[in-house]
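Peer 1: Here is my input, please return the structure:
(2 chains)
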Amino acid sequence: MYKIEKLIENLQLEIVSKNIDITDMNMSGVYIGDLLSWVMGNIKPGDAWITIQTHVNIVAVAALGDASCIIIPENAEIDESTIQKSEEQDIPIFRSNLTAYELACKISRLVDKK
Amino acid sequence: MKLAVDLHIHSGLSPCAEFTMTPNNIINMAKLKGLDAIAITDHNSLKNIEVFLKVANKNDIICIPGVEITTKEEVHVLGYFETIESVREFQRIIDMHLPRDKNNKEMFGNQLIYDENDNIIGEEQMLLSRSIGLSLEEIIDEIRKLNGIPIPAHINRNRFSIISNLGFINPELKINAIEICGYGDLKSVEKLCPNFESYNKIYSSDAHSLGQILEREFFVEVERQSIKCIINALEKSNK
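Peer 2: Here you go, the predicted model:
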């Protein structure tokens, strides 16, 4: 388990869904994927999910798979409806200028250090 | 009356279509197969629509102006239009949002524009198999604004479909019909598609070669044999 708050701090993630209390949230692993039908079948509960797909359906897929949060790499543009839905569903979305690969490497180093 | 239709056919403008997919070849093959109407739906372009309408008119068969858009999410959506004005306006919207990448013919194929005698009179320079910078919702809105009908394409396939890329069909989307193509798994689609029963289903070929065009297999029920009546029928139950 790794605290989401520490993840944000260490990776300097932009908090996209602002109206979610993330104080007690944790992540257990990382999943990367953009084909939502595939992600639905393979993401594990607690995963932080890195995806370039920003359509509103990502929130439902994250909720179904019990993901801890969604991280959008490469500063991709996020639809307003997606942000709104994430706040409704309590699934935080963060954003970074890094690529999915760079994010995963950094998260791996953070989690291993602990 | 019932009309036999195939509403998803690619002309030689689509880079992946065979070179035989010229206006006269397609129209004559559709007639040989006994179809009453077809639609031309090239990837991200309507630049062959007007020539197809002319050739169809001469041969006494209906051709519906259409297009197959690749959205930002890489979902394929069909759009069907009633008038030439809508076709031209929608082409203008595509021109604004298609990425400016040149086609590599060796890699992707030719993108040919024809005259009514099947002469090649131009080539599209920009690669048409890119996704355009509009979301699925934005594309649906743009099609509706021009009184067109948006239909998610080949939802039973595992690539470029709304189900494969976006996981499921959001019931809030402004769509009433979905397209099913020859092959692909329908059972798993039904599971992921809330209200599968409530959508009107359009069965098409997605033909990229002449032989793939449907025979008299799928029908729409219309009052009159016209583009308008067929388009209107797409969102009504045809069971």
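
Peer 1: can we go C-alpha only for contacts and neighbour counts from here?
Peer 2: Fine.

Peer 1: Check the offset of the helix or strand of chain B with the lowest mean pLDDT from the chain's centre.
Peer 2: Within chain B, confidence by mean pLDDT, DSSP states H and E is lowest for helix B:186-192 among all helices and strands, at a mean of 80. In terms of C-alpha atoms, centre = their mean, to the nearest Å, the centre of helix B:186-192 is set 22 Å apart from its chain centre.

Peer 1: got the CA coordinates for it in CSV?
Peer 2: What follows is helix B:186-192 as a C-alpha-only set of coordinates in CSV (Å, rounded to 0.1, in the frame of the first residue of the first chain):
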residue,chain,number,x,y,z
LEU,B,186,-22.3,-10.7,-30.6
LYS,B,187,-22.7,-12.5,-27.3
SER,B,188,-20.0,-10.5,-25.5
VAL,B,189,-21.3,-7.3,-27.0
GLU,B,190,-24.8,-7.9,-25.5
LYS,B,191,-23.2,-8.3,-22.1
LEU,B,192,-21.4,-5.0,-22.3
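
Peer 1: residues from chain B in reach of chain A?
Peer 2: Applying C-alpha under 8 Å from any C-alpha of the partner chain, we find that chain B lies next to chain A at B:73, B:135, B:163-168, B:170.

Peer 1: so who does the residue in chain A that chain B sits nearest to touch?
Peer 2: Of all residues in chain A, the one sitting closest to chain B is A:Ser37 (4.1 Å; C-alpha to the nearest C-alpha). When contacts are counted by C-alpha atoms under 8 Å, 6 or more residues apart in numbering or on different chains, A:Ser37 touches B:163-168.

Peer 1: next helix or strand past the helix or strand hosting it?
Peer 2: Element membership for A:Ser37, per DSSP states H and E: helix A:36-42. If you walk from helix A:36-42 toward the C-terminus, the next helix or strand you reach (DSSP H and E) is strand A:47-50.

Peer 1: So for A:Arg109, what's the pLDDT?
Peer 2: In the prediction, the pLDDT value recorded for A:Arg109 is 93.

Peer 1: Quick check: it is in a helix.
Peer 2: Yes: secondary structure assignment places A:Arg109 in a helix (DSSP: H, G, I helix; E, B strand; the rest coil).

Peer 1: tell me the strands in chain B, going along the chain?
Peer 2: B:2-9, B:37-43, B:62-70, B:76-80, B:112-114, B:120-123, B:149-152, B:177-181, B:200-204, B:219-221 (DSSP state E).

Peer 1: Sheet partners, orientation included, of the third one?
Peer 2: The one in question is strand B:62-70. Strands that pair with strand B:62-70, judged by DSSP bridges, come out as strand B:37-43 (parallel), strand B:76-80 (antiparallel).

Peer 1: first to last residue in stretch B:139-157, what's the distance?
Peer 2: Separation of the first and last residues of stretch B:139-157 by C-alpha to C-alpha, to the nearest Å is 20 Å.

Peer 1: Can you point out the buried residues in it?
Peer 2: Neighbour-count burial for stretch B:139-157 flags B:139-144, B:146, B:148-157 (criterion: 16 or more other C-alpha atoms under 10 Å in any protein chain shown).

Peer 1: So which of those sit within helices?
Peer 2: Secondary structure assignment by DSSP state H places B:139-144 of those in helices.

Peer 1: Any idea how many residues pack against the residue of chain B found nearest chain A?
Peer 2: Closest residue of chain B to chain A, C-alpha to the nearest C-alpha: B:Gly167 (4.1 Å). Taking other C-alpha atoms under 10 Å in any protein chain shown as the neighbour definition, B:Gly167 ends up with a count of 23.

Peer 1: I'd say it and A:Asp34 touch.
Peer 2: No: the pair B:Gly167 and A:Asp34 fails to qualify as a contact (C-alpha atoms under 8 Å) at a distance of 10.1 Å.

Peer 1: What average pLDDT does stretch B:205-212 get?
Peer 2: Rounded mean pLDDT across stretch B:205-212 is 97.

Peer 1: That one: which residues count as buried?
Peer 2: B:205-210.

Peer 1: Go ahead and report the secondary structure state at the spatially most central residue of chain A.
Peer 2: In chain A, the residue lying closest to the centroid (C-alpha atoms, centre = their mean) is A:Ile70, at 1.8 Å. At A:Ile70, secondary structure determined by three-state DSSP is strand.
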